[in-house]
Structure formats: structure tokens, C-alpha cells
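Participant: how would this look folded up:
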Amino acid sequence: MTEARNREGERHSDVRARRLRRDPARLRRCADRQHLPADRRGGRPAQIAEAWDMGVRSFDTAPMYGHGLSEHRVGHALLTRDRGDYVLSTKVGRTLTPAPRGSFDTGIWVDTPPFRADFDYSYDAVLRQVEDSLQRMCQDRFDILYVHDVDRYTHGDAQPARFAEALEGAFPALIRLRDEGVVRAIGIGVNEADVCVTALERVDLDCVLLAGRYTLLEQDPVTDLLPLAVERDVAIVLGGVFNSGVLATGAVPGAKFNYQPAPEDVLSRVRDIEKFCARHGVPLAAASIQFAAAHPAVRELLLGARNCDQLRQNAAWLEHPIPAEFWQDLRAAGLILEEAPTPS
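Facilitator: Take a look at the predicted model:
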């Protein structure tokens with residue numbers, strides 16, 4: 001592994017260990033993902049303040065979220081905080097360009113600024129994207145930068161070409177910025193574990209952000225990605241531990257799985273898990289959070305919340321007592337793979 005030094009003289013591998021270590025204060029392992037723009041009453045700054053008061057010191061965002069609005073709000077909410085007291089991550093791969101409102105698709109985002117988002121994983125574009133993000137967030141550096149969404153979920157049949165573009169452009173650009181001290185750690189943020197494995201085999205990464213693929217419902221990464229991360233001392237950051245909804249709501253009508261209505265086979269498996277939850281008095285969401293956090297490769301969870309109440313609920317689920325017999329029953333029923341660790 002290269003021993004690139006940042007402007008404070010620290011090796012990036014040392015920074016990775018210090019910034020993404022397993023902290024005895026469990027709540028510090030939960031990052032606040034600022035995913036949706038705030039409501040019109042300014043809920044996001046209040047949520048960040050609440051997260052801070054609860055001990056959260058890691059915040060994740062991306063240019064995609066609200067077409068720059070999330071970065072803007074997160075940066076301004078943290079503006080008066082001591083920069084050495086928190087970890088800040090954002091992402092590259094989309095260029096925001098001024099464009100009239102109504103001339104581009106905003107997707108799920110509301111109240112977006114007039115910026116069109118276009119994919120671009122080229123070297124020069126990524127350097128410009130990082131500069132733009134620094135200005136939007138009023139920052140002089142980042143702790144983590146992820147190459148965002150170079151997966152099949154996002155690009156379909158064009159994924160191999162987009163991934164090749166990132167290998168030639170985005171990743172070398174981030175390595176340069178890591179060498180220069182603009183960022184302390186670099187990684188990939190995607191929805192598919194096999195893409196993460198390929199990236200780790202090709203690039204000297206410090207961390208991996210995997211959304212929705214290591215959960216109570218999906219555990220295959222325990223056989224490849226997670227052991228590889230342990231071997232290489234790469235920090236795994238997990239998002240989507242509720243599989244975009246169903247592991248928080250349960251198997252209710254309209255439950256979401258991987259951003260779509262949950263299919264019947266998924267709902268059936270969730271019902272099986274819920275039977276053991278009811279038997280042991282364990283909230284499904286608490287089990288989902290604590291299972292995801294149990295693997296030694298996992299250094300941090302990204303738990304999104306729409307408001308302060310959901311933020312506090314996430315914290316309560318993280319601390320909810322769960323008897324060992326619950327995990328034993330799930331494993332005996334074939335609902336947890338033998339290789340997957342459970343909370344001790």
C-alpha cells in the first residue's frame with residue numbers, strides 16, 4: 001500500500017484506522033446520512049444539531065442528493081464546528097451544471113436548485129466536482145470521497161464502460177487528491193458487492209460504502225467482500241441496512257425492497273424473521289441495525305432519517321437489548337448464514 005501523506009504528515013492508512021475505527025461509544029459508529037433535502041421549515045440543520053448532541057460525528061452527503069442542496073445544507077450546518085471534531089464524506093461522478101428549472105429531471109428530490117446532474121467519471125471532471133463540493137460545503141478538505149454509483153443498478157448495460165471510465169479517471173483523480181491532502185481516505189459507493197470486490201482488486205482503496213447488500217435479508221458479501229476487507233484493512237461503511245424500507249416497516253402492504261415494491265419471496269422471508277422478533281420481543285429494525293454492525297469489517301453505519309424523531313429512534317434501536325437466543329433461533333432457522341457474525 002502506498003504511504004501517501006496528507007498535509008499534516010499522516011499516512012492515509014493511519015488516518016483510515018483512526019477516523020473509521022470501532023469506537024467504544026456505539027453511537028459514534030452511526031453516521032447521519034443527509035439524503036433528502038430539508039422540509040421548508042429548515043428541518044435539516046436542526047437534525048444535524050440533534051445528531052451532534054447525541055454524539056454522532058460522521059456526516060455523509062453527495063452532489064446527487066437534492067442536486068447540491070444536501071451538500072449546501074450540511075456544510076452550512078457544520079460551518080461553526082471545529083473541523084477536527086467530525087468526519088465528512090461526499091461523492092464524485094456527477095457534474096452539476098446550471099440549467100433552468102423544468103429543463104431536467106429532478107427524480108425524487110424536491111426544492112432542488114437549478115442544477116442539472118450529469119454523469120462524468122473522467123479525471124478532469126472529478127477534480128472539478130471536488131472543487132465545486134468544497135465550495136458548496138464551505139470546506140477546505142474532505143475526510144472521505146467515494147466514486148459514486150458505478151454499478152449496474154445505476155447504469156445497466158453501460159456499467160462496464162462507466163466502471164472503466166472511473167478506473168482511468170475518477171480513481172486516479174482521487175488518489176492524487178489523497179496524496180495532496182485534500183482528502184484523507186478514498187473509496188467506492190455502490191449498490192452491488194461484486195463491484196466493490198472488483199474495485200478493491202484494481203485500486204488502493206481505504207473504504208467501501210455498500211448500500212443494501214449486507215442486511216438480515218442479503219448476506220452473500222460475508223463470503224467474499226467482507227473477508228477481503230478484513231484482509232486488506234479496508235473499512236466497510238454500510239448504508240441501506242433496512243433494504244430501503246422493508247426491514248424497518250416489516251411485511252406490510254406497500255413495503256419497499258431495493259427502492260421497489262417488495263416481492264412476495266422477500267415479504268415471506270421478512271415474515272419468518274418477524275416471528276422470532278415477536279417471540280423474543282425484539283423490534284425488527286433493531287435486529288436489522290445490530291446485525292449489520294456486528295461484522296468486524298463494518299466500521300460505520302449510515303442511517304438516514306427524515307426528522308429528529310427518526311434520528312432518536314435509530315439510536316434507540318441501536319441500543320435495544322437483544323438476547324443471544326434470538327440470533328441462535330434465526331441461525332437455526334436458516335435465516336442467518338453460518339459465516340455471518342451476530343452481536344455478542
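Participant: all contacts plus neighbour counts: C-alpha atoms, from now on.
Facilitator: OK.
Participant: surely residue 177 touches residue 171?
Facilitator: No. Assessed by C-alpha atoms under 8 Å, residue 177 is found out of contact with residue 171, at 9.8 Å.
Participant: who touches both of those two?
Facilitator: Residues touching both residue 177 and residue 171 by C-alpha atoms under 8 Å, 6 or more residues apart in numbering: none at all.
Participant: the two - which one has more neighbours?
Facilitator: More neighbours surround residue 171 than the other of residue 177 and residue 171, with 27 against 21 (other C-alpha atoms under 10 Å).
Participant: helix, strand or coil for that one?
Facilitator: Here residue 171 is helix, with the state taken from DSSP: H, G, I helix; E, B strand; the rest coil.
Participant: hey, where'd the helices end up in the chain?
Facilitator: 12-19, 43-53, 69-77, 123-137, 152-155, 159-168, 170-180, 193-202, 225-232, 246-249, 264-280, 284-293, 308-319, 324-332 (DSSP state H).
Participant: next, the buried residues of the longest one.
Facilitator: Buried positions in helix 264-280, judged by neighbour count with 16 or more other C-alpha atoms under 10 Å: 267, 270, 273-274, 276-277, 280.
Participant: same check on the last one?
Facilitator: Buried residues in helix 324-332, counted by 16+ other C-alpha under 10 Å: 326-327, 330.
Participant: which of the residues you listed lies closest to residue 298?
Facilitator: Closest approach between the buried residues of helix 324-332 and residue 298, by C-alpha to C-alpha: residue 327, at 18.4 Å.
Participant: residues contacting the closest one?
Facilitator: For residue 327, the residues meeting the contact criterion (C-alpha under 8 Å, 6+ apart) are residue 342.
Participant: surely residue 311 meets residue 302?
Facilitator: No. Applying C-alpha under 8 Å as the test, residue 311 and residue 302 come out as separate, 11.3 Å apart.
Participant: circling back to that earlier point, which one of the helices of the chain lies nearest to residue 143?
Facilitator: Closest of the helices of the chain to residue 143 is helix 12-19, at 8.3 Å (criterion: C-alpha to C-alpha).
Participant: re the thing from before, any chance of the helices of the chain in a markdown table, with distance to residue 214 and mean pLDDT too?
Facilitator: As requested, those are exported to a markdown table (distance: least, C-alpha to C-alpha, whole Å; pLDDT from 0 to 100):
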| stretch | distance to residue 214 | mean pLDDT |
| --- | --- | --- |
| helix 12-19 | 21 | 35 |
| helix 43-53 | 24 | 85 |
| helix 69-77 | 26 | 95 |
| helix 123-137 | 28 | 98 |
| helix 152-155 | 16 | 97 |
| helix 159-168 | 21 | 98 |
| helix 170-180 | 24 | 98 |
| helix 193-202 | 9 | 98 |
| helix 225-232 | 9 | 98 |
| helix 246-249 | 12 | 97 |
| helix 264-280 | 15 | 98 |
| helix 284-293 | 7 | 98 |
| helix 308-319 | 17 | 94 |
| helix 324-332 | 16 | 98 |
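Participant: want to throw those into CSV with distance to residue 216?
Facilitator: CSV is the format used below for the helices of the chain (distance: least, C-alpha to C-alpha, whole Å):
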stretch, distance to residue 216
helix 12-19, 27
helix 43-53, 25
helix 69-77, 29
helix 123-137, 34
helix 152-155, 20
helix 159-168, 27
helix 170-180, 31
helix 193-202, 15
helix 225-232, 15
helix 246-249, 8
helix 264-280, 9
helix 284-293, 6
helix 308-319, 15
helix 324-332, 10
